[in-house]
Structures are given as C-alpha cells and as structure tokens.
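Enquirer: Predicted model and sequence follow; I will ask about them next.
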Amino acid sequence: MTNKNLFKILISLAFVFLANQSFAADETVEMLNKSGKESMVYSKKIVRINVGDTVIWKATDKGHNVEFIKGGVPEGVEKFKSKFNKDTEYKFSIPGIYAYWCTPHKNMGMIGFVVVGNDKSNLEEIKKIRFAAKSKKIAPDLINSL
C-alpha cells in the first residue's frame, strides 16, 4: 500500500468519524444542589434536541431525580420518573415540549424543559401547568423563552 492510498483511507475514516459525531446530539444535564447563586437546580433549564436524541441527567449531587410533569409532555408520551441519586436517560422519540421537575425540589425552582424537533405544538398545555412557590416565579420566563 502506498502512502497516498493510506492517506486517502485515513482521510475517509476521519470524515466518517466526524460525520457520525455531528449527528450524535445527546445532551447531559447535571442535577445540582448549587450552581452560582441558585440552589436545587438543573445545570441546563432548557435543552433543544432532535427526535431520536437522548438526554442524560447526571446525579452530580445527591437527593435529586427527574419526573415528567403530568400534562406537560406531548400526547402519547408515557409517564417517566427516575430513581433518586441515580444517573438516568431518556431517548425522545415524540416531538414537542417536555416539562419536568425534581420531585422533592419542584417548589424550590428545580424545573426544566426539553424541546424536541423544535415542535412547540403543546405550548398551550405547558402554559397550563400549575407550578408552585419559586417554580411559579421562574416558569413564565422559561416558558416564554421556549
């Protein structure tokens, strides 16, 4: 094999590798006790992904989980509630907005949203979610930025 052929093979492999990497759009969100001046928070409040992508929630700090909010997901999505203190992931196959919270810290503002496929067809349902305490104060700005 000549150096020229070897070079062509290496370049082809590099393109294949880079192409595969650009389509892998998994997102990681950390579950945190503190971030800057905020307490009980997800590291990313809004995540935008494509259909088929996965969000991974890392249990960076103890005492947290992820629970899809009833009425806060697209039609046809099953209930989802992770275990406490465990990394979890969810592959999003239905486009739309997914609202979620940390079950014990939902009133402390530990809420987040995933927008799948830039589909906002369930935005009106998202606006009807009854948040409480600190979450009620921060939810409107987050929803407006979806």
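Expert: Yes, it's here. Numbers count the residues shown, from 1 in each chain.

Enquirer: CA atoms for contacts and neighbours, from now on please.
Expert: Will do.

Enquirer: need the helices for this structure, in chain order.
Expert: 3-23, 123-127, 133-144 (DSSP state H).

Enquirer: Comparing those helices, which yields the minimum mean pLDDT?
Expert: When those are ranked by mean pLDDT, helix 3-23 comes last with a mean of 49.

Enquirer: So, low pLDDT: which residues of this structure?
Expert: Within the chain, the ranges that satisfy pLDDT under 70 run 1-24.

Enquirer: hmm, 80 instead?
Expert: 1-25 (pLDDT under 80).

Enquirer: hey, where'd the strands end up in it?
Expert: Across the chain, reading from the start of the chain, the strands by DSSP state E fall at 27-35, 38-42, 46-49, 54-58, 67-68, 88-91, 96-101, 111-116.

Enquirer: now those in JSON lines, with mean neighbour count and distance to K79?
Expert: As requested, these are arranged in JSON lines below (neighbours: other Cα atoms under 10 Å; distance: least, Cα to Cα, whole Å):
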{"stretch": "strand 27-35", "mean neighbour count": "17", "distance to K79": "20"}
{"stretch": "strand 38-42", "mean neighbour count": "20", "distance to K79": "20"}
{"stretch": "strand 46-49", "mean neighbour count": "18", "distance to K79": "19"}
{"stretch": "strand 54-58", "mean neighbour count": "19", "distance to K79": "16"}
{"stretch": "strand 67-68", "mean neighbour count": "20", "distance to K79": "7"}
{"stretch": "strand 88-91", "mean neighbour count": "15", "distance to K79": "12"}
{"stretch": "strand 96-101", "mean neighbour count": "24", "distance to K79": "11"}
{"stretch": "strand 111-116", "mean neighbour count": "24", "distance to K79": "15"}
